[in-house]
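**Student:** sequence first, then the predicted structure, then my questions.
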Amino acid sequence: MTSKKIVLAGNPNVGKSVLFSQLTGARVVISNYPGTTVEFTRGQLQVGKRSWEVLDAPGTYSLEPTCRAEEVAARLVKQADVVVNVIDANNLERNLYLTGQLIEQGVPLIVVLNLIDEATQKGVALNIPRLQELLGVPVIPTVAISGKGLPELVAALPEARRGQGEARSPEERWIWIGSIVEQVQRVTRRRQTWLEALEMASIRPLTGIPLAAVGLYLAFKVIIGCGGWLEDLLEGHFFEPYYLPLLQSLSGLLGGEGFWHELLIGTLSGGRIHLEESMGLLSTGIYAIFGIVLPYLLMFYLALGFLEDCGYLPRLSVMSDRVMHRLGLHGFAVIPMLLGFGCNVPAVLAARNLESRRERLIVSAMLAVAIPCAAQMSMIIGLAGRHGGSYLAVILATLFLVWAVIGLFLDRILPGYTPSMIVEIPPYRWPSLKAQTQKLAMRLQHFFTEALPFIFGGILVINLLHLIGVIDFLAAAVAPVLRGLLGLPREAVSTLLVGFLRKDVAVAMLIPLGLTAKQFVIGATVLATYFPCAATFAVLIRELGIRDMAFVAGIMLVLSTAAGTTLNLLLETVLPPAYLALFLVGLALVLIVFCGGSSDRRENHTLVITEKRGI
């Protein structure tokens, strides 16, 4: 028996995804709608012997689409057996516009009045029986994040009814909405809470910029501090007492040398295995992934998940809109940028939501060249921090300058303009522990299933190339470039090759080379700015096409070589690290302010939709 389709439809930021997760669990499938690059999520809901296919449609304000995502949402609604229209109880008037269209289309409909607890706290009282009577379809109040109201929703699925509304013009629809709101909603005047005051302060430049700086600083302090603590914990309580003796025993069984020993264990130093330096698949490979990368990656995902679910990221979009416009983008582009600090692959996919090919190309290039993923950033932070904070500042300042140069350059040469930004600002909410745990589990699952094959495969390939002499040949061929322009030893060739497969492991492979602080900064910067990892490279080709990807690859090579050469010339001998970092940041800001933007090519307007307050 074919399962029936339930489509969750609603405005952005109404809790659709949370409701979807509660109904289907964490195991879901992300699909592209046929003929487009727009993604939607599908899962299964089992009720007794009956199975439902649940589709989480892209957020939309109307069934009259203005972009591809809204187009896909409208198509999914037409294919649904039941439409569950999720409404934010705090914003009844705006949300009912889509409800009115669904009723007019005569689709089997259930209305979910979500966030009812927040509405009550904010002085918004709703007469739900009267609302159900006026709409003519079931209305279920829910608090999706806690699961309240979900059993009633599941029980009501067979009772979905078609609305009896007639087709209305937009003006008539708003009159209809006003009549309903007047009859079912009562707003009580009350004092503004400290959290609401913080919400407004977060989007005002005078207070928002310092708050953003403090918030991001604290996030990275947590990542570095807790990541380092986990790294020490794993090393002291697992790798040193248990794993290392096990490898030493295996090394003895393999005779301490030979093909399989070099491949699995690596090179011994003084008859002992050094996990950071031996370069074996089971020694450095396992240690780099689980002992160095994973602790920082875990902390980064926790911090990113918190910022996503608490409602801060849209506010960061508003705060960054003016800067983004100087680079040919609007503030919403900061979302894929931040996702890029988690993983470049979903970040490139998130760029699909931008409105034009021009914007998608600019964002994809900036992501691929200047935004390190969480695993790579964690490695850079953890390892550069050993040489001092000023050296880490040089790497980050260089990436910031490269990021700005890419945006300014592409903005000038690509035709088109940047459209205005329309963004809805949700209220601050305390993230659900269950939702955070599910999101962390899904991201870690992605890391283990998608990243580990590339990591182990990369180390395996590099070891094989080393054993047959290819690495030595390449090292000799590019030694003049490495030594002359970048100041790196010829052995760094292997790290560059691994970097194409997995950059975080490549950064870790700089450790056994015995580099100075200056050389490590150059090596980490070059690895961060040249070709992205193979997974990101494949996604970029699929999203941009071979021609545009070849263009972006050319930019990568030029900027990577230029950045490494410049650092080799300036670092230490000309400017101390701290002063060089300040100089690079200052140069980037000067370029953005004086070279960015072109009034005849963009509309610099931002429409911010905030929540209606009962104050």
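**Tutor:** Cool, got the structure.

**Student:** domain ranges for this structure, per the record?
**Tutor:** With domains defined by automatic domain parsing, the chain comprises 4-188, 205-609.

**Student:** could you export those domains to a markdown table, including columns for mean pLDDT, distance to Leu198 and mean neighbour count?
**Tutor:** (C-beta placed from N, C-alpha, C; glycine too.) Below are those laid out as a markdown table (pLDDT from 0 to 100; distance: least, C-beta to C-beta, whole Å; neighbours: other C-beta atoms under 10 Å):
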| stretch | mean pLDDT | distance to Leu198 | mean neighbour count |
| --- | --- | --- | --- |
| domain 4-188 | 85 | 15 | 18 |
| domain 205-609 | 78 | 7 | 19 |
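
**Student:** which stretches of the stretch 1-150 of the chain form strands?
**Tutor:** Secondary structure of the stretch 1-150 of the chain by DSSP state E, counting those that start in this stretch: the strands cover 4-10, 29-32, 39-47, 50-56, 82-88, 108-114, 124-126, 139-141.

**Student:** out of those strands, the one nearest Val493 is which?
**Tutor:** Minimum separation from Val493 across the strands of the stretch 1-150 of the chain (C-beta to C-beta) falls at strand 29-32, 37.0 Å.

**Student:** measure Leu327 to Gly340 for me?
**Tutor:** The span separating Leu327 from Gly340 equals 15 Å under the rule C-beta to C-beta, to the nearest Å.

**Student:** repeat that for Leu354.
**Tutor:** Separation of Leu354 from Gly340 (C-beta to C-beta): 14 Å.

**Student:** just the element for Phe531, please.
**Tutor:** Assigned by DSSP states H and E, Phe531 belongs to neither a helix nor a strand.

**Student:** that one: what's it in contact with?
**Tutor:** Going by C-beta atoms under 8 Å, 6 or more residues apart in numbering, Phe531 touches Gly499, Phe500, Phe537, Ala553, Met556.

**Student:** what's the strand or helix carrying Ala397 packed up against?
**Tutor:** Per DSSP H and E, Ala397 falls inside helix 389-413. Judged by 3 or more C-beta pairs under 8 Å, 6 or more residues apart in numbering; DSSP states H and E, the packing partners of helix 389-413 are helix 357-370, helix 374-384, helix 517-529, helix 546-570, helix 577-595.

**Student:** just put the ones you listed in CSV and tack on distance to Ser432.
**Tutor:** As requested, these are exported to CSV (distance: least, C-beta to C-beta, whole Å):
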stretch, distance to Ser432
helix 357-370, 29
helix 374-384, 22
helix 517-529, 34
helix 546-570, 38
helix 577-595, 37
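
**Student:** Gln164: which of these is closest?
**Tutor:** When the helices and strands packed on helix 389-413 are compared by C-beta to C-beta, helix 357-370 sits nearest Gln164, at 42.3 Å.

**Student:** what does that closest one rub up against?
**Tutor:** Contacts to helix 357-370, defined as C-beta under 8 Å, 6+ apart, come from residues 327-330, 333, 336-337, 340, 344, 347-348, 351-352, 354, 399-400, 402-403, 406-407, 410-411, 414-416, 418, 528-529, 532, 536, 540, 543-544, 548, 552, 555-556, 559-560.

**Student:** that helix vs helix 546-570, what angle?
**Tutor:** Computed with axes from the mean of the first three to the mean of the last three C-alpha atoms, to 10 degrees, the direction of helix 357-370 lies at 40 degrees from that of helix 546-570.
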